[in-house]
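Undergrad: Dropping a prediction and its sequence here:
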Amino acid sequence: MSRGYEPQSIETSWQERWEAAGAFCAAPDDDERPKKYVLDMFPYPSGDGLHLGHVENYTISDVLARYARQRGFNVLHPMGWDAFGLPAEQYAIDNQVHPRDAVSRNVEVFKAQMKTMGWSYDWSREINTTDPDYYQWTQWIFLRLYEKGLAYAAEVPVNWCEALGTVLANEEVIDGKSERGGHPVVRKPMRQWLLKITEYAEQLLAGLEDLDWPEHLKQMQREWIGRSEGADVEFRVGDDETFTVFTTRPDTLYGATFCVLAPEHPLVASITTPAQADAIAAYVEKTAGRSERERMADIKTKSGVFTGAYATNPVNGAHVPIWIADYVLLTYGTGAIMAVPGQDQRDWDFAKAFDLPIIRTVKPPEDFDGEAYTGSGPAMNSDFLDGMFVDEAKAAMIAHLEAEGQGRARVTYRLRDWLFSRQRYWGEPFPIIHREDGATVPLGNDSLPVRLPDVKSYKPTGTGESPLAAVESWVQTTDPSDGSKAQRETNTMPQWAGSCWYYLRFLDPLNKTAFCDPATEKQWLPVDVYVGGVEHAVLHLLYARFWHKVLFDLELVSSAEPFQRLVNQGMILCPSYREAENAPYLRIEDVEIRDGTPIVKATGAPAYSVVEKMSKSKKNVVNPDTIIAEYGADTLRLYILFMGPPDADKLWDRSGIQGVHRFLHKAWRLICGAERHAAVERSDAPAEGDARHALHSAIAGITADMDALAYNTAISKLMVMLGAMGALDPLPREMADAFLRMLAPFAPHAAESMWETLGGEGFVSLAPWPTYDEDALQTATEDYAVQVNGKVRGHLTVDATSADADILAAAQALPNVAENLAGKRLVKEMVVRGRLVVLVAK
RNA sequence: GCCGAAGUGGCGGAACUGGCAGACGCGCUAGGCUCAGAACCUAGUGGGCUUAACGGCCCUUGUGGGUUCGAGUCCCACCUUCGGCACCA
């Protein structure tokens, strides 16, 4: 007799047996089974170790991978490390260690934790983006982008903190002050590398159509790309200056009563009149201290300053005042707008605030009592457009502008080119040198990798340059083509770079001559299922698609899209604590809960608490180790899936964990026995009657749930099945057998042990998924609810072979139904087979 | 502000195409087992009214309207919460 279910005593040994057998390594490319590439968004290995968000993400993909193996697929399920980036560098500064050492230590911790979860990774393919053998190919792909003219340098505004002498990430800026130290931060232009993702805007938009992604996620990408059709219109200022505005409503040009430039617009300085110069300068300076987000979010305050200059409306020669205002952004459109208060509410509000004229150019409906009218209608006050409706008027105006050389049709995108450089140490160096003659030159493939040099300090240089700029021996180099003096580019790439193509390297991680062998690439791409958080909806997922499309155009990959199907797991949310709103986050250990209220231990005052995404920066991460130690990995795997559907956000609360733990105990007791309970007798006879129905409907239901990724309900059906098994003595072996095959993806360790007890062959993890007989799903009787005028008035059980007419007659004969029908005329009657009888009476 | 998502018992959640709201689990209550407790087992468990009982009636899916024989599900308006907003990744 067994001692009962003791996860700690079985889990490690199964992990070792799987590994020794190579159970989860993908089979060679010539395997006959269909392939399935199940990919996770690989983690940034932070110093805090795995958190529950990872546990959810990787358990979902593990269940997908294990289920696919049991359904006969050759599965590729790899894991690696996205290890460049700001946090590692910050950690290195704070703790006086090299980021490389910090990363390798963190990777060891992560890997050990991942193994204790029993996730079925093919560890022979492990990669690390900070490994020179990896990042030489990141650099190699950058060179291809550069050759295609998709990489360029330009002056771009960044968050500059004078006191810290460094550029800050948006996350490090809070309310215009640096997160560390609270120093002022301003937007300041600096020379940066950019990638022309805008050149691929149309393809990125079109490519979404055939992807098996959640519709709302595709919609987010569409909105992010933000295609809009309209026209560029030229406005003249005086005799020799002009500026271009982009408008989606060229039909309203006669109603343009003023123009607004972004405060950063290059023309501002030259057109401002002396009388307005001080006011303009003050406004420009004030704007430099505001983030774009603030500027967009703030619609209540109408702020702006008149430049003193006037522009000429090209269509009617009207002189309209030119203002600057921070609601116009330099990064969208042309950084200049024509304001049409009659048809745009924001322009209307601005005109009212500053007493500027308003001319309606679209006639609103009779009953319209709003302000700006944005709907369609006949044009008015618009000369040759009068009477035309919006679409016709737009086309007519564009034709007119093009004929007169005053404008042209144009499509713009909200999407901006990708700011691709960072003034940091811990990133991929650019394979770029700057010659003394001023030329910027890409290095050849044979110069790769350009390795990161060791430096003494990762601290900011104070000049805004990367710490690499201080490594004289590395910066000074020669141009390999002629031996002349040159300096290395000292910016590094953003963390996104390494994660833009890692799914390709997993296919062929040791290849020395190519990022991936073409035949192998053809065999495995695209990724069949990609699992990760919805927070990556626009940035990572768009950047990776962009790189992939460039590689596709270069015929370096064979599929147009990298990720065919996408699964978003929801966020695991957890309370975070601060002394007050906008104060730095407190560690969970520094807060205690008294009578349901969080109290800051140090001060005794109530803490400011919000439920939000678990993240290192919010200090609200929960580490899974203590749960594994207490309940075992199988229980944690089951629980995290049982908490709700994969794509729903979940508030972490461990109080329900007992339920799934008991479920495993019960299964174990039934099959293996426990302390005072012997295992139930088993019979080799097939399941009959109710047992047969329970078995086959469980298989049917669970299989459907597996295909729909409804893991929470799949687990509840396993619980129901176990309940049915518990009532059987003897227990048909085929029922226990099917139960374990279906339990295996969720609780693989326990399932393996029970499978062994049952005498199953090999690993249950690789045993085929059970099948069901359609005829076993039928029942002898059917239950009906009887509705009269939409309310249930009775219940009925009939033979499953009954005809509709007989069911209707039986329903009407029910006393309470008859009572409700009395004195009324039956106007409608129908049977919803197996569910409901509908009667409508008047 | 813009884009996307979500609101169902004390709690997590279930409910395929509009068709018996609350599967499964937690918690709670009662009983069993036990010297006692833990664990375990059995039963019950949205609210109100009514019935000796079986049962019957009404209310209930964030709020307010609407469509329908019938709405958690569809439509309109609103409220709240969460995610993203380009240098966290």
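TA: Received the coordinates, thanks. Residues are numbered from 1 along each chain as shown, chains lettered A, B, ... in the order given.
Undergrad: Would you point out which residue of chain A is nearest RNA strand B?
TA: Residue of chain A nearest RNA strand B, by Cβ to the nearest atom of the strand: residue A:659 (2.0 Å). In short, each C-beta sits where N, CA and C put it, glycine included.
Undergrad: For that residue, the count of nearby residues, please.
TA: Using other Cβ atoms under 10 Å, residue A:659 has 14 other residues around it.
Undergrad: Which helix or strand contains it?
TA: helix A:657-671 (DSSP states H and E).
Undergrad: which residues sit against that helix?
TA: A:2, A:4-5, A:7, A:627, A:631, A:634-636, A:638-639, A:642, A:674, A:677, A:679-680, A:715, A:718-719, A:722, A:725-726, A:731, A:736, A:739-740, A:743, A:747, A:750, A:753-754, A:757-758 (Cβ atoms under 8 Å, 6 or more residues apart in numbering).
Undergrad: Just checking: what are the partner strands of the helix or strand following it?
TA: For helix A:657-671, the following helix or strand on the C-terminal side (DSSP H and E) is strand A:682-683. Using DSSP bridges, strand A:682-683 pairs in its sheet with strand A:731-732 (parallel).
Undergrad: near RNA strand B at all, the strand it pairs with?
TA: No - figure legend: strand A:731-732 not in contact with RNA strand B (Cβ under 7 Å from any atom of the strand); closest approach 14.9 Å.
Undergrad: From the chain's centroid, how far away is that strand?
TA: Relative to the centre of its chain, strand A:731-732 is centred 46 Å away, using Cα atoms, centre = their mean, to the nearest Å.
Undergrad: repeat for stretch A:401-417
TA: With Cα atoms, centre = their mean, you get 32 Å for stretch A:401-417.
Undergrad: what's the burial count for residue A:750?
TA: 29.
Undergrad: so who does the residue nearest to the spatial centre of chain A touch?
TA: The centroid of chain A falls nearest to residue A:536 when counting by Cα atoms, centre = their mean (2.4 Å). For residue A:536, the contact set (Cβ under 8 Å, 6+ apart) comprises residue A:41.
Undergrad: next one: the one 5 residues further on
TA: Each residue near residue A:541 by Cβ under 8 Å, 6+ apart is listed here: A:217, A:221, A:563, A:566.
Undergrad: Beta-bridge partners for the last one, please?
TA: Right, the one you point to is residue A:566. residue A:530.
Undergrad: hmm, which two among the contacts of residue A:541 are most spread apart?
TA: Farthest apart among the contacts of residue A:541 by Cβ to Cβ are A:221 and A:563. That separation is 12.0 Å.
Undergrad: Who has more neighbours out of the two?
TA: A direct count of neighbours by other Cβ under 10 Å for residue A:221 and residue A:563 places residue A:563 higher, at 25 against 20.
Undergrad: show me what contacts that one?
TA: A:39, A:211, A:213, A:503, A:526-527, A:530, A:541, A:544-545.
Undergrad: Phi, psi for it please.
TA: Note on residue A:563: backbone dihedrals following degrees, to the nearest 10 are phi -120, psi 100.
Undergrad: Next up, the contacts around residue A:692.
TA: A:686, A:776 are the contacts of residue A:692 under Cβ under 8 Å, 6+ apart.
Undergrad: Please tell me the pLDDT value assigned to the residue nearest to residue A:458 when sequence neighbours are not counted.
TA: In space, residue A:458 comes closest to residue A:425 once its chain neighbours are excluded; the distance is 4.7 Å by Cβ to Cβ, 6 or more residues apart in numbering. With respect to pLDDT, residue A:425 has a value of 93.
Undergrad: In three-state terms, how would residue A:425 be classified?
TA: Three-state call for residue A:425 (DSSP: H, G, I helix; E, B strand; the rest coil): coil.
Undergrad: ok, it - contacts?
TA: Residue A:425 neighbours (Cβ under 8 Å, 6+ apart): A:89, A:99, A:452, A:455, A:458, A:466-468, A:492.
Undergrad: Pick out the lowest-pLDDT one from these.
TA: Out of the contacts of residue A:425, that is residue A:458, at 79.
Undergrad: That one: neighbouring residues, count only.
TA: By other Cβ under 10 Å, 21 other residues sit near residue A:458.
Undergrad: Then residue A:524?
TA: 22.
Undergrad: Give the bridge partners for residue A:831, please.
TA: Under the criterion used here (DSSP bridges), residue A:831 is bridged to residue A:837.
Undergrad: Hmm, I typed the wrong one, I wanted residue A:434.
TA: Judged by DSSP bridges, the bridge partners of residue A:434 are residue A:440, residue A:487.
Undergrad: Under the pLDDT cut-off, which ranges of chain A? List them.
TA: For chain A, applying pLDDT under 70 flags the ranges A:1-3, A:593-597, A:675-676.
Undergrad: and it, what are its domains?
TA: A:30-143+A:497-569, A:152-193, A:227-413, A:430-457+A:471-492, A:572-653, A:656-776, A:780-841 (automatic domain parsing).
Undergrad: How about the fifth one and RNA strand B, any contact?
TA: Yes - if you take Cβ under 7 Å from any atom of the strand as the test, domain A:572-653 does meet RNA strand B, through A:573, A:610-613, A:615, A:617, A:642-645, A:648-651, A:653.
Undergrad: From those, list the buried ones, please.
TA: A:573, A:613, A:615, A:642-643, A:650 (16 or more other Cβ atoms under 10 Å).
Undergrad: Most widely separated two among these?
TA: Once Cβ to Cβ is applied, these give A:615 and A:642 as the farthest pair, at 23.7 Å.
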